[in-house]
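> Here is a sequence together with a model predicted from it:
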Amino acid sequence: MTAYVIAHATIKDQDKLSEYGAIAGPSIKAAGGELVTAAKVSDVLAGSHDHGRCVIIRFEDAQAARDWYGSDAYQSALPIREQAMDAVFVIVEAPPK
């Protein structure tokens, strides 16, 4: 079942974000993932949402997403990510067709 990692983020340091992306991007590809979008939030339709950026990454399944997040390649980027942004990461599974 296809799974998506969805991150809601507030950017703190653009230079650190570029440094983080240089590590995170290849780690996603190496894990078989695909960046669907990384964009500014254009509208909040309901409720309160404090983050200005949304990132969506597609994986074959939830385990592949977990494996990517726990991989040495991605974990090496976490200290930089913490300097680059405040973020919430979740996994969402798409229902079978």
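The structure has been received and is ready for your questions.
> In the protein, where's the longest helix?
Taking residue count as the measure and DSSP state H as the definition, the longest helix of the chain comes out as helix 14-30.
> So which bits of it are buried?
In terms of neighbour count (16 or more other C-beta atoms under 10 Å), helix 14-30 has its buried residues at K16, L17, E19, Y20, G21, I23, A24, S27, I28. The way it works is simple: take the backbone N, C-alpha and C, and place the C-beta from them, glycine included.
> Equivalent analysis for stretch 58-69, please.
Of the residues in stretch 58-69, R58, F59, A62, A64, A65, W68, Y69 count as buried by neighbour count, 16+ other C-beta under 10 Å.
> contacting residues for the last one?
It stands for Y69. The neighbourhood of Y69, defined by C-beta atoms under 8 Å, 6 or more residues apart in numbering, consists of V5, F89.
> Can you list phi and psi of it for me?
Per-residue torsions, Y69: phi -60, psi -40 (degrees, to the nearest 10).
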